[in-house]
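**Student:** coords please:
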Amino acid sequence: MKKTAFIKTSSCLFICGILMVCLVNIALAGQDQDTRSARRLRAGLDLFPSFLAADTRITEKQDRDGNLVIYIMHHNDRRTAQKVAAQLRDIKNIKDLPLKIVILRDDYDDLHKGHPAAIFISQPHLPHLAAIVNYGKQKSIITFSPFVDDVTSGVTGSIAVNARILPQVNITTLADSKLNLRPFFLRIASHYPVVETP
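**Tutor:** Down below sits the predicted model:
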């Protein structure tokens, strides 16, 4: 084999090797991201009932049949939304009121199909998250997402993962929504944005 051909072959193999490593790293990063999202989703399901119970007016948000209607919002991942719904149905009731779980896509029109007591977001990066946040503010209901950055986009509640997992509350959205959460819950929750103390 000529020297130039050998160099070209070696260069091609080297570049292919780098591309393969990059592709593997991208795949692993995607899996890691999926794992982080799944962990946050599980933690969010654990904390969501405490958000509902902390709403001082939650009993006023029952439907005509005495249920607390919870919307599970997704964009194109109904399978995960169904898993979330199954876990929330296991909770049975909040403040002696049974939960009624409704799975919806994040289309604006679907938000107006009923009168939810709260909204749980089951999929990260929803295209219509802003509409959901605004709906929650208008209706004075909790919008909850366990996913990274959704609290900075205006959802009422999320989770803060540090040395331990805490509920996280968007103080601005809370005020805009005219929502009242129990003082004890607010004391233990992480606040966004963080208010600097003098």
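**Student:** CA only for contacts and neighbour counts going forward, please
**Tutor:** Noted.
**Student:** Just want the most central residue of this protein.
**Tutor:** Centroid-nearest residue in the chain: S145, 2.3 Å away (criterion: Cα atoms, centre = their mean).
**Student:** so how far is K113 from that residue?
**Tutor:** S145 sits 21 Å away from K113, going by Cα to Cα, to the nearest Å.
**Student:** next one: A131
**Tutor:** From A131 across to K113, the span is 14 Å (Cα to Cα).
**Student:** Among those two, which residue is more densely surrounded?
**Tutor:** Counted by other Cα atoms under 10 Å, A131 and K113 do not tie: A131 has more neighbours, with 14 against 9.
**Student:** Please settle this for me: is that one part of a strand?
**Tutor:** No. Assessed with DSSP: H, G, I helix; E, B strand; the rest coil, A131 is helix; it does not lie in a strand.
**Student:** Report the next helix or strand after the least confident helix or strand in the chain by mean pLDDT in sequence order.
**Tutor:** The weakest-scoring helix or strand in the chain, judged by mean pLDDT, DSSP states H and E, is helix 3-54 (a mean of 61). Using DSSP states H and E, the helix or strand that follows helix 3-54 in sequence is strand 68-74.
**Student:** So what touches whichever helix or strand comes after that following strand?
**Tutor:** Using DSSP H and E, the next helix or strand after strand 68-74 towards the C-terminus is helix 78-89. Helix 78-89 is contacted from outside by 45, 72-74, 99-103, 122-123, using Cα atoms under 8 Å, 6 or more residues apart in numbering.
**Student:** tell me the mean pLDDT over helix 78-89?
**Tutor:** What helix 78-89 shows for mean pLDDT is 94.
**Student:** quick one, it and strand 68-74 angle?
**Tutor:** For helix 78-89 against strand 68-74, the angle between stretch directions is 160 degrees (axes from the mean of the first three to the mean of the last three Cα atoms, to 10 degrees).
**Student:** could you dump helix 78-89 to CSV, C-alpha only?
**Tutor:** Output in CSV follows, covering the C-alpha atoms of helix 78-89 (Å, rounded to 0.1, in the frame of the first residue of the first chain):
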residue,chain,number,x,y,z
ARG,A,78,-49.5,9.5,26.5
ARG,A,79,-47.8,6.3,27.9
THR,A,80,-46.0,8.2,30.6
ALA,A,81,-49.1,10.3,31.3
GLN,A,82,-51.1,7.0,31.8
LYS,A,83,-48.4,5.8,34.3
VAL,A,84,-48.7,9.2,36.2
ALA,A,85,-52.5,8.9,36.2
ALA,A,86,-52.3,5.4,37.6
GLN,A,87,-50.1,6.5,40.5
LEU,A,88,-52.3,9.5,41.3
ARG,A,89,-55.4,7.3,41.3
